[in-house]
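Undergrad: predicted model and sequence below, questions to follow.
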Amino acid sequence: MESQSEHSSSVSIGSDKKWNIFGTKFPKTEIVFFAQVLILYTVIIVSIYNLTQNPENSNWWTALLSSCLGYLLPSPSIKSHHGIQ
């Protein structure tokens with residue numbers, strides 16, 4: 001029977017996969033992150049362009065633009081000071 005520590009270490013090793021791109025190995029998480037950001041910026045630019053050039057479909061492009069911006073921007077949080085109670 002496999003112990004908890006052995007199982008967690010095997011999971012962390014499996015999630016540390018690297019992808020070979022142009023002969024260089026990159027962590028999978030970095031590639032996925034940069035691909036998502038590139039797609040989001042492309043959608044934002046296309047949405048802004050279509051809002052300025054074609055105002056008839058503004059509801060759809062505004063919703064798409066605000067969704068992408070909401071995904072990109074960090075969620076607000078209140079920083080707590082350890083000395084204040």
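TA: Happy to help now that I have it.

Undergrad: pLDDT value on S80, please?
TA: S80 is assigned 75 on the pLDDT scale.

Undergrad: list the contacts of it.
TA: By C-beta atoms under 8 Å, 6 or more residues apart in numbering, S80 lies in contact with nothing. From N, CA and C alone the C-beta is placed, and that goes for glycine too.

Undergrad: hang on, it in a strand?
TA: No: under DSSP: H, G, I helix; E, B strand; the rest coil, S80 sits outside any strand and is assigned coil.

Undergrad: how many other residues sit next to T29?
TA: T29 is flanked by 13 other residues according to other C-beta atoms under 10 Å.

Undergrad: how about W61?
TA: 19.

Undergrad: and the contacts of the host helix or strand of it?
TA: Assigned by DSSP states H and E, W61 falls within helix 58-72. Contact with helix 58-72 is made by 37, 40, 43-44, 47-48, 50-51, as judged by C-beta under 8 Å, 6+ apart.

Undergrad: just the ones in strands from those, please.
TA: Under the assignment DSSP state E, the contacts of helix 58-72 contribute nothing to strands.

Undergrad: hang on, the earlier thing: and the helix holding W61, what's buried?
TA: Residues of helix 58-72 classed as buried: 61, 64-65, 68 (neighbour count, 16 or more other C-beta atoms under 10 Å).

Undergrad: now swap in stretch 36-51 and tell me
TA: Neighbour-count burial for stretch 36-51, counted by 16+ other C-beta under 10 Å, picks out 43-44, 47, 50-51.

Undergrad: just to revisit the earlier point, run the chain-centre distance for the helix holding W61.
TA: Here the centre of helix 58-72 is set off from its chain's centre by 15 Å, with C-alpha atoms, centre = their mean, to the nearest Å.

Undergrad: residues touching the nearest residue to K17 once chain neighbours are set aside, list them.
TA: Ranked by C-beta to C-beta, 6 or more residues apart in numbering and with sequence neighbours excluded, the top spatial neighbour of K17 is K28, at 4.8 Å. K28 sits next to 17-19 when contact means C-beta under 8 Å, 6+ apart.
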